[in-house]
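[1] next comes the sequence, and after it the predicted model I'd like to discuss.
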Number of protein chains: 2
Amino acid sequence: MSIFSLVSEDGLSRAGIVDLGHTKVETPVFMPVGTNASVKAILPCMLKAVGAKIILSNTYHLYLRPGIETIEALGGLHKFSGWNRAILTDSGGFQVFSLSDLRNISKKGVSFKSHVDGSMHFFTPEKVVELQSRWKSDIAMVLDECPPYTLDKKYVKDSLDITIEWAKRSIKAREDYPIKALFGIVQGGVFDDLRKEAAERMSELEFDGFAVGGLSVGEPTEDMYRAADIVSNILPKDKPRYAMGVGKPENIIELIDRGVDMFDCVMPTRNARNGTLFTKYGIVNIKRQEYKNDESPIEEGCRCYTCRNFSKGYLRHLMKAKELSFCTLASIHNLYYYVNLAKSARKAILEKRFGSFKKEFYENLKKGNRDG
Amino acid sequence: MSIFSLVSEDGLSRAGIVDLGHTKVETPVFMPVGTNASVKAILPCMLKAVGAKIILSNTYHLYLRPGIETIEALGGLHKFSGWNRAILTDSGGFQVFSLSDLRNISKKGVSFKSHVDGSMHFFTPEKVVELQSRWKSDIAMVLDECPPYTLDKKYVKDSLDITIEWAKRSIKAREDYPIKALFGIVQGGVFDDLRKEAAERMSELEFDGFAVGGLSVGEPTEDMYRAADIVSNILPKDKPRYAMGVGKPENIIELIDRGVDMFDCVMPTRNARNGTLFTKYGIVNIKRQEYKNDESPIEEGCRCYTCRNFSKGYLRHLMKAKELSFCTLASIHNLYYYVNLAKSARKAILEKRFGSFKKEFYENLKKGNRDG
């Protein structure tokens, strides 16, 4: 029984619903990143206020600290974190290959050194399914090998074969460790034939949804879009599609236009803490001197808590004074922007006007560049 | 016309109302500290949720950054900070003498070097009234010389004379710079006769309320309490009394018992960020290993957002992972504790049972020490 219902299509863009039992998620959707079971500088009540329905947490980080026993003892991820809407957990694959400076991959799994305390650990596809089952993730991801952006095709092909083998073992592991939804991950780097092969072989497996991995890892933007084109064409239409780690607002719009449903990225929260704020007219760098006495909100008409209550002048002051509340207020605005970008796209798809929505999106950005 | 109404007395303890026109403040009251026009890690909506009715901001910090022109351009402190309840601003006296490493005091005023950019500035009593008037503080404090804790009586006496002279000039400055409420500051260090003299000479001046300064600056606790005894006995009963920078929960209880109405302290927020949490049974050091898998809230029965939604185990995890939301959640709890300590004291005074309230307060602390 599919967790996904397709509600509307407009060109390749899709509006759907992911049914996770205790909660439903409307797509396209943006998922704020809560690495350590907390979205940085943000409380669950604020996440609800910005309209978030699902967040992402990181298996690698949570496994290392506080550890599975603690999360299990404290009732699973939802109860632990105080977030009662949906939670997707990644598999740790990406982090093992990007954060750990010592790792050793074999067919069996991957051993790695903790970036927290230097201790050695071993992840297998089965172990990663077990972890996500035990802490009651709503959507679990399979362990994959996530190669860095590379032009070494042989490496990407071998890596792809391992990822497919691990995907099969993950499905088998589910028999022992019940999981509400399990997603496979399509790798293949920037090689069209490998992306095609990855999508075809993954599609044959009994997953509830499919992610496209290895995007937003430094590849040229056109490679990202082409990979999405290829993969969308192959993946089954009745299952949700998730572009991991994507991305900039325009990347999200472009991938929605190519049939992708789900997105996550640290950009709204990380950039917020650096003073980079998203608006429909482009970026506001709040540190700039010109905002010192500026009474206007970050974005006129924005309905987020920050824009309804605070001026750019005040926010600039908070950032200059290194006040922690700056991180919170800036993150609220950026998350509101991202969550509502996906919601507006959904509305446009339902109303069969995604094309004009996308056109307007770019026109506003251009207008901002011209004025700014 | 007095801004203060005395509603009830129980022994020396008092319940009253400070009427500031657009808002009323019930006393005894605890005022969270928002140095840079922001209570650290806390948003105005959270301040309201913990029940705060008035906050303190620092003239010294705000004058240096963002500066009076910016705050004025952005509509005054309330509009600037998004906090529409009451704001008390200190005079900067304490900060000039504690934060600036270069200062030169004369009868005219005090010159000092900015701790932000090293620039030189000059505060006079008149200037400080002007600043607080222009950014629309509800309660302004006069410029005082705040000597460090010292046994040099001659120094304290000379300092006292300057503070009294400055107080007179502040009242005169009010003719040019309207101020809703202006408070004098009683200094005198740990010398009983000087405290008496300071209170008597200050009482003769037309202030709306009186602060006791130079407490919580490193003096023995009994000196703090004795100073409050002396001063309370002299200050007019129909005006509010404010113990600046006080203090620990037991200090607040003891000073309420000696007739003090208003308190401010960085302790609830600063200690929160260090993992030190206040409860009626004493301190919880959230870092401790014993809380790793602890499902219970910081304080059973506490109605703050943090205790209603999160376990000690989760909070410990957030602190270990250096998540910014830890500072917010811990500060919410500690501010709720402090604000409600003053509120509970008020209720007890209204019900003429402050004595038994105080007894119970200490019994609970002892019980915690015994169990802990």
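    Arrived safely, thanks for sending. Numbers count the residues shown, from 1 in each chain, chains lettered A, B, ... in the order given.
[2] ok, now which ones touch the closest residue to A:Ile54 other than its chain neighbours?
    Nearest residue to A:Ile54, sequence neighbours excluded (CB to CB, 6 or more residues apart in numbering or on different chains): A:Ala86, at 3.8 Å. In this view, the C-beta of every residue, glycine as well, is placed from N, C-alpha and C. By CB atoms under 8 Å, 6 or more residues apart in numbering or on different chains, the contact set of A:Ala86 is A:Val18, A:Leu20, A:Thr23, A:Val25, A:Lys53, A:Ile54, A:Ile55, A:Asp138, A:Ile139.
[3] so how far is A:Lys239 from the residue nearest to the fourth one when sequence neighbours are not counted?
    Put plainly, it is A:Val25. Closest residue to A:Val25 apart from its sequence neighbours, by CB to CB, 6+ apart: A:Val18 at 4.4 Å. From A:Val18 across to A:Lys239, the span is 10 Å (CB to CB, to the nearest Å).
[4] between those two, which one's more packed in?
    More crowded of A:Val18 and A:Lys239, by other CB atoms under 10 Å in any protein chain shown: A:Val18, with 28 against 21.
[5] quick one, phi psi at that one?
    The phi/psi pair for A:Val18 (degrees, to the nearest 10) reads phi -100, psi 120.
[6] show me the contacts for it.
    Neighbouring residues of A:Val18 by CB under 8 Å, 6+ apart: A:3-4, A:24-27, A:29, A:86, A:139, A:181, A:209, A:240, A:261-262.
[7] mind doing that once more with 7 Å?
    Going by CB atoms under 7 Å, 6 or more residues apart in numbering or on different chains, A:Val18 touches A:Ile3, A:Phe4, A:Lys24, A:Val25, A:Thr27, A:Pro240.
[8] ok, those residues vs A:Arg65, which is closest?
    Nearest to A:Arg65 among the contacts of A:Val18, counting by CB to CB, is A:Val25 at 27.5 Å.
[9] quick one: that closest one and A:Ile54 touch, right?
    Yes: with contact defined as CB atoms under 7 Å, A:Val25 counts as touching A:Ile54 (4.9 Å).
[10] one step back: how far away is the residue nearest to A:Ile54 from chain B?
    18 Å (CB to the nearest CB, to the nearest Å).
[11] do you know the pLDDT at that residue?
    Here, the pLDDT recorded for A:Ala86 equals 98.
[12] circling back to that earlier point, hmm, which two among the contacts of A:Val18 are most spread apart?
    Checking the contacts of A:Val18 with CB to CB, the most distant pair is A:Lys24 and A:Pro240, at 12.1 Å.
[13] just want to know which of those two has more residues nearby.
    A:Pro240 (29 against 15).
[14] residues contacting that one?
    Applying CB under 7 Å, 6+ apart, the residues near A:Pro240 are A:Phe4, A:Gly16, A:Val18, A:Thr27, A:Gly209, A:Asp261, A:Met262.
[15] okay, now the last one: neighbour count?
    Read that as A:Met262. The number of residues packed near A:Met262 is 27, by other CB under 10 Å.
[16] which one is A:Pro249 nearest to, not counting chain neighbours?
    Computed as CB to CB, 6+ apart, the closest residue to A:Pro249 that is not its neighbour in sequence is A:Leu341, at 5.8 Å.
[17] against A:Ile3, how distant is the residue nearest to A:Val25?
    With distances taken as CB to CB, A:Val18 is found 6 Å from A:Ile3.
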